[in-house]
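1. structure of the sequence below:
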Amino acid sequence: MISPRKNSVLGLVELTDTDDLFELHGTASSRALHDVFHDRLKGWVRSRDQWRLLDNNRICVILKDIGSQGELELAAAKLGRIFKEPHYHRGRPMPLEVRAGFAEVNGRDKDLKLAMQQAGMALWQAKKKSHLFDVYSPQCGMNAGDEQKLVEQLEVALEQGALQLYYQPKIHAGYRSLIGAEALMRWHTTDQKVITPDQFIDVAERHEIIKPMTWWAIKSAVARLARWPDQLSIAVNISPALLLEDDILSVVQDALEIHGVTPARLNLEVTESIMVDNQDVMLSQLARLRDLGVKISLDDFGTGFSSLAYFRDLPVDEIKIDKNFVLRMMESEKDHAIVKAVIDLAHNFSLKVVAEGVENLDIANRLAELHCDILQGYVFDRPLPVEEFERQYRV
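-> The predicted structure follows:
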């Protein structure tokens, strides 16, 4: 929230979904699109404001003398109006969509750096919620100082081996036999607490720490596979942003070669959000990973973009039905119909289907009747420390 006094507000404004536009209209439109983005922003900022280009798709702006939340909302509304009309390239409309994040600042260098972090957090929230803009508020979550402290703690945890992989079994729906596991990260703190990813992974994804954490997870999972029977696989979750990193190919390939593991035993799970941003790069990277021989799984299917056009062309091997549909499928006819439709659709594309959130035998049996391939959930087991998993499943 903006305090009731005249102050400056730092904003990050980003032009989103540019890859979709370039795919539709050709990369030759790139320079023209960025020029339009910059020209329209000149019509938004006032003469007393300051702004600086960060890259072709993002600017930093300092709006002076903003005295209330209402004044900032008016400025954001003007931003929305300026970009409401599409840009016409060679007679074809190119819709321009922007997102913005705002935070208060008083002008000192230290405060500018903090405001940049806060505005980045607000921008991330705006993109996540598909809103035009968001305003940083410490009441809405972790403040920037605490977030940076958490990142530093994660760096120490990674260095000192406080991060561990737990394993949740994946069960063959028909035979009820173990076919593999999903590796899930846990943070063991010095005060004997075990912290689950929902408390730190979003922060990690907003910072560079997500990269070494994920590379460690891949290497650890592959090393574990080398000790397990050949018929078992391990799935590792990959942040969509890391698919933009060429390093991922060498990390995966090196780990497999060092430990002598068959690539098909490693399953990389990506969320459906990969189909929203940077689609051409994402799909290209997925294809290159599959060329290495690893399996690709589309996680949380049904909660994101779900375009059949992208579904048709996705280089994936497996679909994971979001657990919210699975949990309610015995009580809700609509959820049951969604689960059945996803299974049938995936099988028509020769894809395997994993159902998450299987919490009772009635759901497990019904999924087997619907010809779901793999089951995962608390009815079989929670995520277990590796020693317990190996002992219980005699791996």
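2. and Ile296, what pLDDT?
-> Looking at Ile296, its pLDDT stands at 96.
3. that one: what's it in contact with?
-> By Cβ atoms under 8 Å, 6 or more residues apart in numbering, Ile296 lies in contact with 267-268, 270, 286, 289-290, 315-318. Backbone N, C-alpha and C define where each C-beta goes, glycine included.
4. can I assume it sits in a strand?
-> Yes: with DSSP: H, G, I helix; E, B strand; the rest coil as the criterion, Ile296 is assigned to a strand.
5. top of the contacts of Ile296 by neighbour count?
-> Within these, neighbour counts (other Cβ atoms under 10 Å) peak at Leu268, which reaches 26 neighbours.
6. restricted to strands, list the contacts of Ile296.
-> Counting by DSSP state E, the contacts of Ile296 place 267-268, 270, 318 in strands.
7. can you lay out those residues as a markdown table showing pLDDT and distance to His347?
-> As requested, the ones in strands among the contacts of Ile296 are exported to a markdown table (pLDDT from 0 to 100; distance: Cβ to Cβ, whole Å):
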| residue | pLDDT | distance to His347 |
| --- | --- | --- |
| Asn267 | 98 | 18 |
| Leu268 | 97 | 21 |
| Val270 | 90 | 20 |
| Glu318 | 95 | 12 |
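8. now flag whichever of those residues is closest to Val294.
-> Closest approach between the ones in strands among the contacts of Ile296 and Val294, by Cβ to Cβ: Leu268, at 5.8 Å.
9. got a list of what the closest one touches?
-> So Leu268 contacts 235-236, 238, 252, 289, 294-297 (Cβ under 8 Å, 6+ apart).
10. who does it bridge with?
-> Val236, Ile296 (DSSP bridges).
11. Trp51 belongs to a helix, doesn't it?
-> No: Trp51 is assigned strand when assessed by three-state DSSP, not a helix.
12. would you agree it is in contact with Val45?
-> Yes: under the criterion of Cβ atoms under 8 Å, Trp51 is in contact with Val45, at a separation of 5.2 Å.
13. before we move on, the earlier item: greatest separation within the contacts of Leu268: which pair is it?
-> Val252 and Ser297 (14.3 Å).
14. now do the strands in the stretch 101-250 of the chain.
-> Taking DSSP state E, counting those that start in this stretch, the strands of the stretch 101-250 of the chain run over residues 133-135, 163-172, 178-188, 194-195, 233-237.
15. for the third one, buried residues please.
-> Looking back up the chat, that one is strand 178-188. 178-185, 187-188 (16 or more other Cβ atoms under 10 Å).
16. as a markdown table, these with distance to Thr214 would be great.
-> Shown next, in a markdown table, are these (distance: Cβ to Cβ, whole Å):
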| residue | distance to Thr214 |
| --- | --- |
| Leu178 | 25 |
| Ile179 | 24 |
| Gly180 | 19 |
| Ala181 | 17 |
| Glu182 | 14 |
| Ala183 | 11 |
| Leu184 | 13 |
| Met185 | 9 |
| Trp187 | 14 |
| His188 | 18 |
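17. so which of these comes closest to Gly145?
-> For the buried residues of strand 178-188, the minimum distance to Gly145 (Cβ to Cβ) is 20.0 Å, reached by Trp187.
18. who's the closest one bridged to?
-> Leu163, Ile195.
19. quick check: it touching Phe200?
-> Yes: taking Cβ under 8 Å as the definition, Trp187 is a contact partner of Phe200 at 6.4 Å.
20. now stretch 228-241, how far from the chain's geometric center?
-> The chain centroid and the centroid of stretch 228-241 are separated by 17 Å under Cα atoms, centre = their mean, to the nearest Å.
21. average pLDDT across it?
-> Across stretch 228-241, the average pLDDT comes to 93.
22. how long is it end to end?
-> Taking Cα to Cα, to the nearest Å as the measure, stretch 228-241 stretches 30 Å from start to finish.
23. let me know the helix or strand that Ala368 is in.
-> helix 361-369 (DSSP states H and E).
24. give the buried residues for that helix.
-> Those would be 363-364, 366-368, for helix 361-369 by 16+ other Cβ under 10 Å.
25. can I get stretch 33-53 in CSV, CA atoms only?
-> Taking Å, rounded to 0.1, in the frame of the first residue of the first chain, the C-alpha atoms of stretch 33-53 are listed here in CSV:
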residue,chain,number,x,y,z
LEU,A,33,7.6,-4.1,-31.3
HIS,A,34,10.2,-2.9,-28.8
ASP,A,35,10.2,0.6,-30.4
VAL,A,36,6.4,0.7,-30.0
PHE,A,37,6.8,-0.4,-26.3
HIS,A,38,9.3,2.4,-25.6
ASP,A,39,7.3,5.0,-27.6
ARG,A,40,4.1,4.3,-25.7
LEU,A,41,5.9,4.4,-22.4
LYS,A,42,7.1,7.9,-23.3
GLY,A,43,3.4,8.9,-23.5
TRP,A,44,2.8,7.4,-20.0
VAL,A,45,5.6,8.9,-17.9
ARG,A,46,5.3,12.6,-17.0
SER,A,47,8.1,15.2,-17.4
ARG,A,48,9.0,15.1,-13.7
ASP,A,49,9.3,11.3,-13.7
GLN,A,50,12.4,9.3,-14.4
TRP,A,51,12.7,6.1,-16.3
ARG,A,52,15.5,3.8,-17.6
LEU,A,53,15.5,0.9,-20.0
